[in-house]
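Q: What would the 3D arrangement of this be:
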Amino acid sequence: MCCEYCYITLEHQHVMMDNETCMYLQLKEPDIVGSGIIIPKQHRETVFDLTDEEWQDTFALLQEVKIMMDTEYQPDGYNVGWNSGSVGGQHIFHAHLHVIPRFADEPYAGKGIRHWLKSKENQRPVAR
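A: Numbers count the residues shown, from 1 in each chain. Presented below is the predicted three-dimensional model:
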């Protein structure tokens, strides 16, 4: 198996903090301020495969990440979410929780994670 989150070798990711079962990786890309992911240390394909301990440790790490981001970046809001399965937008099949600080001066400020879902362009065809 060649999972890039099982073997952190990505030059654009930095392990910022961790706990017993999870770690927080942050992008090093300067144009994406503070965006990162929380992943289980053990390979779990989707969010639905996490153990109870991994769920608890993910939540605990999320609280620590928020404190760090509030201090470091002072965002105006957050998007936090999972993609699960290829149709759900998951491209790397190792469970990862996106933690994205949002800012009032962004072009898409105020557009939440469901914005595209509700758009007319995304409506499913009507079966006849």
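
Q: how about stretch 57-76: buried residues?
A: 57-58, 61-62, 65, 68-69, 75 (16 or more other C-beta atoms under 10 Å). Every residue, glycine included, has its C-beta placed from N, CA and C.

Q: Equivalent analysis for stretch 94-107, please.
A: The neighbour-count check on stretch 94-107 (16+ other C-beta under 10 Å) flags 94-102 as buried.

Q: next one: stretch 19-39
A: Neighbour counts over stretch 19-39 (16+ other C-beta under 10 Å) mark 21-27, 33-34, 36-39 as buried.

Q: rewinding a little: inside helices: which ones of the buried residues of stretch 57-76?
A: Members of the buried residues of stretch 57-76 lying in helices (criterion: DSSP state H): 57-58, 61-62, 65, 68-69.

Q: host element of the residue most central in space within the chain?
A: Among the residues of the chain, residue 98 comes closest to the average C-alpha position under C-alpha atoms, centre = their mean, at 0.9 Å. Per DSSP states H and E: residue 98 is located in strand 97-102.

Q: and that strand, C-alpha only, in CSV?
A: Taking C-alpha atoms only, strand 97-102 is exported to CSV below (Å, rounded to 0.1, in the frame of the first residue of the first chain):
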residue,chain,number,x,y,z
LEU,A,97,-10.8,16.1,8.6
HIS,A,98,-10.3,19.4,6.8
VAL,A,99,-9.9,22.4,9.1
ILE,A,100,-10.0,25.6,7.1
PRO,A,101,-9.8,29.1,8.6
ARG,A,102,-12.0,31.6,6.7
